[in-house]
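Output the structure for:
(one chain, ligands or ions: 1)
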Amino acid sequence: MTRHGSPRPSRSLPFALLYNAPRSILAPDNPMDQPVSQVDDLVDDELDNASDEVRRLVCPICRRGVSPVELLSANVLSEAVVSIVGANNPSWRVQLGICRRCAERFGEAHDRLRRAYPGFGHREYKILPTAMRLGASAQYTGRGVTMAFLDSGFYAHPDLIEPRNRILKYADITNPRARDSALYEPNVSSWHGMMTSVVACGNGHLSNGLYRGIASDANLVLVKVGESRRILHDDIRRGVEWVIRNREKYDIRIVNISCGGDYEASYLDDALSQAVERATRDGILVCAAVGNAGHASDHAVVPPASAPSVLTVGGIDDKNRLEFADYDMYHSSYGPTVDGLQKPEVVAPGIWVAAPILPGTPTADQAAFYSALASSTDATLRAVIAAHPGVDEDFDAALGLDNYLIRHLVEIKLRDNAVISGSYKHVDGTSFSSPIVASIAAQIIEANPALRPQQIKSTLVRTATRMPHVPVDRQGWGVVNPKRAVLRALRTGAYATPILED
Ligand SMILES: [Zn+2]
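Just a heads-up that it's a prediction; the model follows:
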């Protein structure tokens, strides 16, 4: 089996230096002609439709062509915007200005970080929420949409069950006698599925709403198909078949599969591939992680990601930044498949993704401890260490050190353990790219419930943006664009009939 994600990334952390500064005040966008209501925060992408004559200038951050009125000069930018843009883009100088859209995105990022972390300020580094980095609409949250997840195990994380339990059903196809109480036991097998489900559907309950998934109001059906050490090809198939059998009962519209089978196989005779093809025909969009073997000579795409109708998702490294211009590939697998199909179709963030820490584990204790130290004053630093003996022996031995050395150790521990806070760390793998795309699909279905799986797939594909410096094999149609996808879905209403599909 292949689980396409790791909770312990090894790369160093790119960080944003952020300063205390007044709230940004910028003139609002000109209201634009919209044929559809309910698109308030979707309109900014419409700027891309501006004619070439008015796009004489280029924004130095996102590198879009913009008109002179859209390019804001230094004297109208707030100090907060200038500091966060500068921290994210070391080569930028305030004299270059930035476009209105970038100014608003960075200003919003600053404000949201301040709200979630009232104490945060100078020299603090934070992982930005992926929804913010992708510029996803906050209006569409997967309301009324049920998403199924197949994984090695799950946990009823507060981000899924508070204030309302959105888990409609838990099923364990490896053990028919399993009970829902398994969802509350911090088992090592629970980690991976907890992370994939919360990345898509978490509401940020433990982060003051900051690390909210794009489908933060969606309902969930959780299907355990293995253990952390082993997920069998055939058990993934049985999981897919369970989802098909229970589609109507829970109104399942999407299934995310962040794991892969044991071998390459043609969809013409592989039972797992046939199961996902049937799921698509039955009206379920299947999102699958493509795998993390892009750096190896054998970067095979295995079922279910290799099946034709599946929306297969690769990873990008967006460097924890807001703008598009400097994105790069994550080392995700790519085709062609044994059937000669090009996979993946789209790519989405595959690193620097905030994911929950499994409560009740030593990892959780350590993360809480490091976070408490990071927010301690000099006067309380030693008291915090003394109150947590045995959590980390390096600190037990550090009590006699100078404060600056203790603080240096805290920074090393936060970085090496990828700790964001006591409740979240950052993770990497296409295991997270796929649920991010699945969560955008939930927005699309909320916006236009009549769309069939292949229409949703085509909506995401047609609104993706190619990275000019990356081979097409590796990125497919490119980086998903949630706002454009939702807008397109809203406008395909007239053509959305199930008959188009089959
Ligand atoms: Zn810009």
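
is it fair to say His133 lies in a helix?
Not quite, residue 133 is Arg, not His. Yes: assignment of Arg133 by DSSP: H, G, I helix; E, B strand; the rest coil places it within a helix.

ok, now how distant is it from Asp217?
Arg133 is 20 Å from Asp217, where distance means C-beta to C-beta, to the nearest Å. Every residue, glycine included, has its C-beta placed from N, CA and C.

Asn104 and the ion: what is the separation?
You called it Asn, but residue 104 is Glu. Glu104 is 10 Å from the ion, where distance means C-beta to the ion, to the nearest Å.

residue in the stretch 101-250 of the chain nearest to the ion?
Cys102 (3.3 Å; C-beta to the ion).

ok, so what distance separates the closest residue to that residue other than its chain neighbours from the ion?
Excluding the flanking residues, the one nearest Cys102 by C-beta to C-beta, 6 or more residues apart in numbering is Ile61, at 4.5 Å. Going from Ile61 to the ion by C-beta to the ion gives 4 Å.

Helix, strand, or coil at Ile61?
coil.

Any stretches of the protein with poor pLDDT?
Applying pLDDT under 70 to the chain flags residues 1-3, 5-55, 118-125, 493-502.

Looking at Arg133 and Asp217, which is more packed in?
Set Arg133 next to Asp217 and count neighbours by other C-beta atoms under 10 Å: Arg133 wins out with 24 against 18.

Is that one in contact with Leu322, as I believe?
Yes: contact criterion C-beta atoms under 8 Å: Arg133 and Leu322 qualify, at 5.7 Å.

give me every residue that touches Lys417.
If you look again at residue 417, you'll see it is Asn, not Lys. Neighbouring residues of Asn417 by C-beta atoms under 8 Å, 6 or more residues apart in numbering: 8, 363, 366-367, 370, 425.

buried subset of those residues?
By neighbour count, with 16 or more other C-beta atoms under 10 Å, these hold 363, 366-367, 370, 425 as buried.

out of those residues, who's nearest the ion?
Distances from the ion to these, taken by C-beta to the ion, are shortest for Lys425, at 30.1 Å.

Stretch 348-366: which residues count as buried?
Those would be 348-359, 363-366, for stretch 348-366 by 16+ other C-beta under 10 Å.

Map the structural domains onto the sequence of the chain.
Using automatic domain parsing, the domain parsing of the chain gives 40-126, 137-355+429-500, 360-422.

Kindly compare burial across those and name the winner.
domain 137-355+429-500 (a mean of 22; mean count of other C-beta atoms under 10 Å).

Quick one: distance of that domain to the chain centre.
Centroid separation between domain 137-355+429-500 and its chain, computed with C-alpha atoms, centre = their mean, to the nearest Å, is 10 Å.

Does it reach the ion?
No: using C-beta under 5 Å from the ion, we find that domain 137-355+429-500 stays clear of the ion, coming within 6.3 Å at best.

thinking again about what came up before, from what I can see the residue nearest to Cys102 touches Ala325, true?
Yes: assessed by C-beta under 8 Å, Ile61 is found in contact with Ala325 at 6.9 Å.

Helices of the stretch 251-400 of the chain, start to end?
For the stretch 251-400 of the chain, the helices defined by DSSP state H, counting those that start in this stretch cover 271-281, 362-374, 381-386, 393-396.

just how off-centre is the shortest one within its chain?
The gap between the average C-alpha position of helix 393-396 and the chain average comes to 34 Å, counting by C-alpha atoms, centre = their mean.

Centre of the chain to the next helix or strand after it, how far?
Going down the chain from helix 393-396, the next helix or strand is helix 403-416, by DSSP states H and E. Centre-to-centre, helix 403-416 and its host chain are 28 Å apart (C-alpha atoms, centre = their mean).
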